[in-house]
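>>> What follows is a predicted structure for the sequence shown.
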Amino acid sequence: MSDAHLKNSHQQPVQNEISELALHDKEMREIAEPYEAPTTGPKWFYLFMVISLAIGSFYLGRHMGKLDASIHIGFFEKNKPADTSAVTAAQSPASGASLFTSKCASCHQADGKGLPGAFPPLAESEFVLGNPERLISIVLKGLTGPLEVEGQSFNGTMPAWEDQMSDQELVAVINHIRNKLGNNQASEIQLQDVQKVREQTASRTQPWQADELEVAYP
Amino acid sequence: MTRVYILLMGALATVIFALMVLVILPKSMLSGVQPPAELKPLTAQELRGRQVYIENGCIYCHTQQVRDTNFTQDVAKGMGNRPSVPADYVYDQPHLLGTMRTGPDLFNVGSRLPDKKWHLLHLYQPRSLVPWSIMPAFPFLFEHKDTPAPDDVVIETGQAEAGAIIATEDAKALVAYLLALKHDYAMPNIQKEAADE
Amino acid sequence: MAVNPRQAEHAITKEAQASSAIDHSRIGLSVAETAAIDRSSRGPVLLCFFLSIIWLLVGTVFGDISSFKFDRPDLLTSQPYFTFGRLRPAHLNVMVYGWASTAMFGVSLWLMPRLCRVQLKIPAVAMAGIVLWTIGVAVGVWLLLDGVSDGLEWLEFDHRSADPLMAAGAALVGASVWKTLLNRQVSHLYVSIWYVASSYPWFLIIFTAGNLPVYQGVESAAVNWFFAHNALGLWLTTINLGLIYYLMPKIIGRPVYSYWLSLIGFWGLALFYALNGMHHLIGGPIPSWMIATSITASIMMIIPVVAVGINQHMTIVGRFGAMRYSPALTLLVLAAMSYTAVSLQGILTALVSVNRITHFTHWTIAHSHLGLYMFVTLSLFGGIYYILPRLLGREWPSRNLIRAHILLVGFGMVLYVVALGIGGVLQGLHLLDANSSFEASVNATKPWLLMRSVSAIIITLGHVLFAVHIAWLWLLRDKTGPEQSPFFYVRPILVKSPTKVPGR
């Protein structure tokens, strides 16, 4: 038996030693399983719990309404401040530019040049710069079917805006279209103009056709 | 606790209580809701469009609900003429109310944007119409053809290209569904009475 | 240590058994018993962790692409399966059902035998359940990308193919968990048992109720959110609370602060969380009383949340230093804090005055990531850091990788939540302003969405390092492991002698 072999065998642990070491190793890794101390916790928590339950019951009783299928009544009278702010915000007139951005630009584009073949331009359009009443009536009632603008032909549908915008808003957005868009320069319309066209066309439920407009508002 | 059955019974009791309150009770309560006369069931093509809407996950960015006017501006912002009510949804299965307004609400998109061309072009490339849009384009709903057949719906992309971009049946169905999303009739009667009280 | 803790434990066992049911759970486990118990659950638990890491990586890729699409809307639009509306639900479902749920199966199958002091019963059934579940999730994701969706958030998986497989899978794993519980060798049920065992019947009930295709109109919405909220509250939350309740006191060697707070925390959660769902529909077209009920239940969640918060804080307080030595403890403490934070944020968001701003905005996404990542995922990371070395019999090979992983995912997710939280509020203020255009609400979020994409890259890097580290541990030949040092020492921290019994 060589020295090297002897030395080597000394360094090898005996079989039992391995398991002892392993057990010791495992013992070090795990200490007693956790358990719960039988304490009750802070007293303020129980007070807090009772208060929370009280607030919860109060809230439910106040906002629940009836146990039926009715909706939007749970936060009705209770939220008067929010209610009034909603009304004032809705009544404060928006600027023509912002109305144009939110209502018109998705089709006619921000620069008012429209899209060739799809949506007619507003900039330098005879429909915009011409008879203001014709423009008002188009915005109020919408327009559908074949149409020729600045030498291009279109065939689409424009929605009616009579229910979507107030008279003041219509004035603001139409003046924006007639005066701010592209190089447009035309006379300003007044509130009375919109009111007048609204009355004239009150009975109409369909959008205009281009040829009808020629007759109604030359 | 030392008894398993207390744990099991207690656990079952709480979840079944919640199930009764939030699922079973409302189901019986809402079963009597009648559709308003103005609300038409979707046609076969519109239903197919609804399926395209579901398949491509439109609900992850678009809602279909107008909320309570008392604490939101949904009506003031032109999403509809009134808050939506259960009667507006009687034909919906599954519901598509949505939870995100990354894109605008679509409850009344059919009356707000009634133009078929607009929708097709917008689906093909939203940024060609709305430059700031972050909506994905859906070119896979369209085909490229060298010579379109007479009854094909050709998309006016505004770009000079060889051939034409044609809307697939899925694209046409989806647009038909979007145009059918019109809930601008007056608030259904049952609901009105409740709100007036 | 003068006295062998085990002998001391045995000495007090009989007395404790007679005096109080609570002390009864303190029967010490011998090393051989622990080893036998761990060996009985080894197979299924390792399988779960292996599968869950794969799902984690898959879900991360889905999430990343979804996020980048906000910044580059024309990225990968040519193919339908890459469209945002398919990748986003794929991301959510893979993360919830693939990553978190599979890892939670592993955690429950490892916890229950230890808590019940008995070997895992019917491990083959559990194994079959895991396989069925995984097939179900894979089929669901595949169909989802192919355009087959049930159209309900959190329930997109096809109810004809994927959902039955998943329900069967969860039932089989649950059977193993419950069989183990019914064969328990302890009389007192430790708090973790309540959470883990109840989660299985809860999940099966809500999952079945949510997937029944019998709902029409707005009740479909009510059921949708009943399920989605309870999948978080009665499944993801509960098993992870069970894990934290077990590992946190175990690692620092202290009892849980208060049995009574544990009770309130558990039953309060069971009662109130289950009623929370309708707060996702505030202002929407469902009966007012349902919304009011859910808002009230959301407010009432303050009771269990504060109870659990006090309980866990008082358990760990004064021993935060131990976090330096245990990545598992670090992650679990972060997760426990996030549970409190996300619950309080949830209560706040359920209030009508806050909800009118934050509803429909990215705030909701920030909130759900605070819950599903900072709480659920970090807790599962902690569990894996603790459990894997014990099952594989070797130490984590690199403390640097652990440190890098924790720092990357921690800071990445903080950035994520802050960015989308701010972006969401700005978006919400525009949506609430009648004079503001929709364009403004979109533009307000753009920089924050970009920041979210940056955080997504950071988190992805963390996940890759974590996966690499697990692979390294798996393939490691040398079982002794390197020198122990801070942030690597995953053994329990002996902060006080476990022989000392309170009240004696």
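Right, received. Where do you want to start? All values derive from a computational prediction rather than experimental measurement. Numbering: from 1, shown residues only, chains lettered A, B, ... in the order given.
>>> Going by C-alpha atoms from here, please, whenever you check contacts or count neighbours.
Fine.
>>> where in the chain is pLDDT low?
Using chain A here. A:1-31, A:72-94 (pLDDT under 70).
>>> not what I meant, chain B
In chain B (pLDDT under 70), the answer is B:158-161, B:189-197.
>>> So which residues on it come close to chain A?
The interface of chain B toward chain A, taken as C-alpha under 8 Å from any C-alpha of the partner chain, is made up of B:26, B:29-30, B:68-73, B:76, B:78, B:85, B:111-118, B:129-130, B:156, B:158, B:191, B:194-195.
>>> Filter the residues you listed down to just the buried residues.
Among the residues of chain B next to chain A, the ones that count as buried by 16 or more other C-alpha atoms under 10 Å in any protein chain shown are B:26, B:29-30, B:68-73, B:76, B:78, B:85, B:111-118, B:129-130, B:156, B:191.
>>> out of the residues you listed, which touch chain C?
B:Pro26, B:Leu30, B:Asp68, B:Phe71, B:Thr72, B:Gln73, B:Ala76, B:Val85.
>>> Using JSON lines, please lay out those residues together with distance to C:Ala167.
Converted to JSON lines, these look like this (distance: C-alpha to C-alpha, whole Å):
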{"residue": "B:Pro26", "distance to C:Ala167": "25"}
{"residue": "B:Leu30", "distance to C:Ala167": "28"}
{"residue": "B:Asp68", "distance to C:Ala167": "37"}
{"residue": "B:Phe71", "distance to C:Ala167": "40"}
{"residue": "B:Thr72", "distance to C:Ala167": "40"}
{"residue": "B:Gln73", "distance to C:Ala167": "42"}
{"residue": "B:Ala76", "distance to C:Ala167": "45"}
{"residue": "B:Val85", "distance to C:Ala167": "34"}
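>>> Burial check on C:Gln79, number of neighbours?
11 (other C-alpha atoms under 10 Å in any protein chain shown).
>>> I figured it hits B:Ala137, correct?
No: at 10.5 Å, C:Gln79 and B:Ala137 do not qualify as touching, with contact defined as C-alpha atoms under 8 Å.
>>> What does the nearest residue to C:Ile303 once chain neighbours are set aside show for phi and psi?
Nearest-residue entry for C:Ile303: A:Met49, 5.9 Å, with adjacent residues in sequence omitted and distances by C-alpha to C-alpha, 6 or more residues apart in numbering or on different chains. For A:Met49, the backbone dihedrals (degrees, to the nearest 10) come out as phi -60, psi -40.
>>> can you pull the contacts of A:Leu47?
Listed by C-alpha atoms under 8 Å, 6 or more residues apart in numbering or on different chains, A:Leu47 has no contact partners.
>>> Also C:Val196?
Counted by C-alpha under 8 Å, 6+ apart, C:Val196 has contacts C:Ser108, C:Met112, C:Thr238, C:Ile239, C:Gly242.
>>> mind checking the SS state of the residue nearest to B:Pro86 when sequence neighbours are not counted?
Nearest non-adjacent residue to B:Pro86, counting by C-alpha to C-alpha, 6+ apart: C:Pro285, 5.4 Å away. When classified by DSSP: H, G, I helix; E, B strand; the rest coil, C:Pro285 comes out as coil.
>>> Tell me if I'm right that C:Pro285 and B:Arg67 touch.
Yes: counting by C-alpha under 8 Å, C:Pro285 does reach B:Arg67; the two are 7.3 Å apart.
>>> Doesn't A:Thr144 lie inside a strand?
Yes: under three-state DSSP, A:Thr144 sits within a strand.
>>> So the residue nearest the centre of chain B: helix, strand or coil?
Closest residue to the average C-alpha location of chain B: B:Gln64 at 4.6 Å, with C-alpha atoms, centre = their mean. Assigned by three-state DSSP, the conformation of B:Gln64 is coil.
>>> Once you drop chain neighbours, what's closest to it?
Closest to B:Gln64 by C-alpha to C-alpha, 6+ apart is B:Phe107, at 4.3 Å.
>>> would you list every one of the strands in chain B?
B:142-145, B:154-155, B:164-167 (DSSP state E).
>>> Tell me which of those sits nearest to C:Tyr97.
strand B:142-145 (33.8 Å; C-alpha to C-alpha).
>>> Export only the CA atoms of that closest one, formatted as PDB.
Provided in PDB are the C-alpha atoms of strand B:142-145 (Å, rounded to 0.1, in the frame of the first residue of the first chain):
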ATOM      1  CA  PHE B 142     -57.200  42.800 -45.900                       C
ATOM      2  CA  GLU B 143     -55.800  41.300 -49.000                       C
ATOM      3  CA  HIS B 144     -53.700  42.600 -51.800                       C
ATOM      4  CA  LYS B 145     -55.000  42.000 -55.300                       C
END
